[in-house]
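> kindly return the folded structure for what I paste below:
(4 chains)
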2 protein chains.
Amino acid sequence: MARATNRRIADSTVRRLSLYLRYLEEVGGRGLATISSETLAKLGGTTSAQVRKDLSFFGSFGKRGLGYPVPELVSRLREILGLGREWQVVIVGAGKIGSALAQYSGFRHRGFRVVAVYDNNPAKIGTQWDGHSVRDIAQLVSDVTSLRADIAVLAVPGAAAQETAEVIVRAGIHGILNFAPIQLRLPEDVIVRAVNMAAELEVLSYALAHRAER
Amino acid sequence: MARATNRRIADSTVRRLSLYLRYLEEVGGRGLATISSETLAKLGGTTSAQVRKDLSFFGSFGKRGLGYPVPELVSRLREILGLGREWQVVIVGAGKIGSALAQYSGFRHRGFRVVAVYDNNPAKIGTQWDGHSVRDIAQLVSDVTSLRADIAVLAVPGAAAQETAEVIVRAGIHGILNFAPIQLRLPEDVIVRAVNMAAELEVLSYALAHRAER
DNA sequence: ACATGTGAACTGCTTCACAGCG
DNA sequence: CGCTGTGAAGCAGTTCACATGT
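Modelled structure (predicted):
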């Protein structure tokens, strides 16, 4: 039973849960029955206290003196992360990044199914693509009713991103994974996660440039 | 003159600086001479106090009653972020993501130049690719001496990531942008930024699954 | 004896609010 | 008078340390 959690959980916590799950699936496959917060912490690059705190937000499913039962923890984490169901994903922007993501097996494997790919470039529309024909973005709004898409991956150039995001929202999609290097301004009931690779590279160059000074 | 900063600057701050820069380049192109923290905050999705605090870590280059001079701020931010020079980047892993990144124009545009692409798959080695022939990863260590690469983009499967990262470090590279969904354990003088798209999608599915409860 | 679960202390980022200055 | 620059206050996430349970 998904214990109702009123508390707002930090993004950082959820990201760690996702990492824990990945490791647990791995060690579970090797037949390990139980795992301590200490071991899990080492795998996930954090501390045992952090692991226990993260898990404690959702209940107490560890056994004192022993650790956490791996199979149970795996299924609880799946449930917590919302992976108990399949999510329908549309990819908007059939450029290089969109292309790579549409074919990325890691998505499918965790229950994210790409159901359509969109672009506004007439040269691309209609081309076949890893089992999906690229559709005209103008069709998105009408399509989504039948597709029942939950999540859109936004992989269009920055200049087009805001406008395109608004189309996505108009289509009734409430979750956006944004690869465009801009801050989207959308209604607050839309959940947006940004992956800004350029910014990430610049954090890296900042750190490298200032490395001597430390 | 780059005022020496002893203070450790938060990643979140640096990421915002990168966003500010992107917006400033845009409005600067439109000829805007000066910008207030308030305006910049709206573009970057934050608050004016946050903008002023972020910038104040590096000096005070605003004019009271007026705002910040755009061209000057652009060049200061470039300098701060380490974009005053060109960074040599190698891409390790010639799969879909590696492929997309190798061709991503946003990198080049900001001073990140892809100088080589590596893989361990014999079928891929030697193939030509957007001006780069894919090289054998076994050559990485010897190549880097002549290439003088600064940053590696790690885009290999999770199972190979740790091992590959160690090769990269052995090659003398100190900055890694990690796309593999695992936590790398490396010497602490190596700067690692992780982009975990699977985790990001799961934060999204977590939020969507728990949306009703809020 | 061992490892969890958790209040309390701590650390650090963000927001506030206002003095300072063009 | 407007907007910056910045100490101080507020808040959130992390770490500590220990009581609790097996």
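
> contacts, neighbours, all on C-alpha from now
Will do.

> so where is chain A shaky, pLDDT-wise?
In the prediction, chain A carries residues with pLDDT under 70 at positions A:1-6, A:213-214.

> distance check, residue A:185 against DNA strand D.
For residue A:185, the distance to DNA strand D equals 21 Å [CA to the nearest atom of the strand, to the nearest Å].

> again, but for residue A:93
The spacing between residue A:93 and DNA strand D, counted by CA to the nearest atom of the strand, is 32 Å.

> contacting residues around that residue?
A:117-120, A:154-156 (CA atoms under 8 Å, 6 or more residues apart in numbering or on different chains).

> ok, residues contacting stretch A:141-152?
The contact list for stretch A:141-152 (CA under 8 Å, 6+ apart) reads A:87-92, A:115, A:167-168, A:170-177.

> likewise for stretch A:25-40?
A:20, A:23, A:47-49, A:51-52, A:66-71, A:74.

> got those as CSV, with distance to residue A:80 columns?
Listed next are these as CSV, based on distance: CA to CA, whole Å:
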residue, distance to residue A:80
A:20, 12
A:23, 16
A:47, 21
A:48, 20
A:49, 20
A:51, 15
A:52, 15
A:66, 23
A:67, 19
A:68, 16
A:69, 16
A:70, 15
A:71, 14
A:74, 10
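
> drop anything exposed from those residues.
Taking 16 or more other CA atoms under 10 Å in any protein chain shown as the criterion, what is buried in the contacts of stretch A:25-40 is A:20, A:23, A:48, A:51-52, A:67-71, A:74.

> which of those residues come close to DNA strand C?
Contacts with DNA strand C within the buried ones among the contacts of stretch A:25-40, as defined by CA under 7 Å from any atom of the strand: A:48, A:52, A:67-68.

> just send the buried ones among the contacts of stretch A:25-40 back as a markdown table, with distance to chain B and secondary structure too.
Compiled in a markdown table, those are given as follows (distance: CA to the nearest CA, whole Å; DSSP: H, G, I helix; E, B strand; the rest coil):
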| residue | distance to chain B | secondary structure |
| --- | --- | --- |
| A:20 | 10 | helix |
| A:23 | 8 | helix |
| A:48 | 15 | helix |
| A:51 | 15 | helix |
| A:52 | 18 | helix |
| A:67 | 22 | strand |
| A:68 | 21 | strand |
| A:69 | 22 | strand |
| A:70 | 19 | helix |
| A:71 | 19 | helix |
| A:74 | 14 | helix |
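
> list just the nearest of these to residue A:162.
residue A:20 (33.7 Å; CA to CA).

> got the contact list for that closest one?
Residue A:20 neighbours (CA under 8 Å, 6+ apart): A:40, A:44.

> look up how far DNA strand D lies from it.
Between residue A:20 and DNA strand D the distance is 14 Å, computed by CA to the nearest atom of the strand.

> and if you look at residue A:102?
Taking CA to the nearest atom of the strand as the measure, residue A:102 falls 31 Å from DNA strand D.

> find the helix or strand that that residue is a member of.
Assigned by DSSP states H and E, residue A:102 belongs to helix A:96-103.

> identify all contacting residues around that helix.
A:91-92, A:114, A:117, A:130, A:153-155, B:96-97, B:99-101, B:103-104.

> which of those residues count as buried?
A:91-92, A:114, A:117, A:153-155, B:96-97, B:99-101, B:103-104.

> of the contacts of helix A:96-103, closest to residue B:210?
When those are compared against residue B:210 (criterion: CA to CA), the nearest one is residue A:153, at 19.8 Å.

> the closest one contacts residue A:90, doesn't it?
Yes - with contact defined as CA atoms under 8 Å, residue A:153 reaches residue A:90; the gap is 6.2 Å.

> in contact with the residue nearest the centre of chain A, which residues?
Nearest residue to the geometric centre of chain A (CA atoms, centre = their mean): residue A:177, 7.3 Å. Contact analysis of residue A:177 by CA under 8 Å, 6+ apart lists A:151-154, A:192-195, B:200-201, B:204.

> taking those residues, tell me the two that lie furthest apart.
A:151 and A:195 (14.6 Å).

> so these two - more neighbours on which side?
With neighbours defined as other CA atoms under 10 Å in any protein chain shown, residue A:151 and residue A:195 compare such that residue A:151 has more, 27 against 18.

> quick one, phi/psi of that one?
Dihedral angles phi and psi of residue A:151 (degrees, to the nearest 10) take the values phi -130, psi 140.

> show me the beta-bridge partners of it.
residue A:89, residue A:175 (DSSP bridges).

> quick check: it vs residue A:159, distance?
Residue A:151 is 21 Å from residue A:159, where distance means CA to CA, to the nearest Å.

> just residue A:198 next, same as before
15 Å.

> that older thread, show me the contacts of residue A:177 that map onto helices.
Of the positions in the contacts of residue A:177, B:200-201, B:204 sit in helices, assigned by DSSP state H.

> which one of those residues sits closest to residue B:110?
Each of these was scored against residue B:110 by CA to CA, and residue B:200 proved nearest at 24.7 Å.

> the closest one and residue A:15 touch, don't they?
Yes - counting by CA under 8 Å, residue A:15 is a contact partner of residue B:200 at 7.1 Å.

> biggest strand in chain A by residues?
strand A:112-119 (DSSP state E).

> partners of that strand, with directions?
strand A:87-92 (parallel), strand A:132-136 (parallel).

> name the residues of the last one that come out as buried.
Taking 16+ other CA under 10 Å as the basis for neighbour counts, the residues of strand A:132-136 that come out buried are A:134-136.

> just give me how far that strand sits from the chain centre.
Taking CA atoms, centre = their mean, to the nearest Å, the mean C-alpha location of strand A:132-136 is offset from the chain mean by 23 Å.

> which pair of the buried ones among the contacts of stretch A:25-40 spans the longest distance?
Top of the distance list for the buried ones among the contacts of stretch A:25-40 (CA to CA): A:48 and A:71, 19.3 Å.

> how many residues are close by the nearest residue in space to residue A:86 that is not next to it in sequence?
Residue nearest to residue A:86 in three dimensions, not counting chain neighbours: residue A:111, with 4.8 Å by CA to CA, 6 or more residues apart in numbering or on different chains. Neighbourhood size, residue A:111 [other CA under 10 Å]: 17.

> isn't residue A:111 up against residue A:83?
Yes - contact criterion CA under 8 Å: residue A:111 and residue A:83 qualify, at 6.4 Å.
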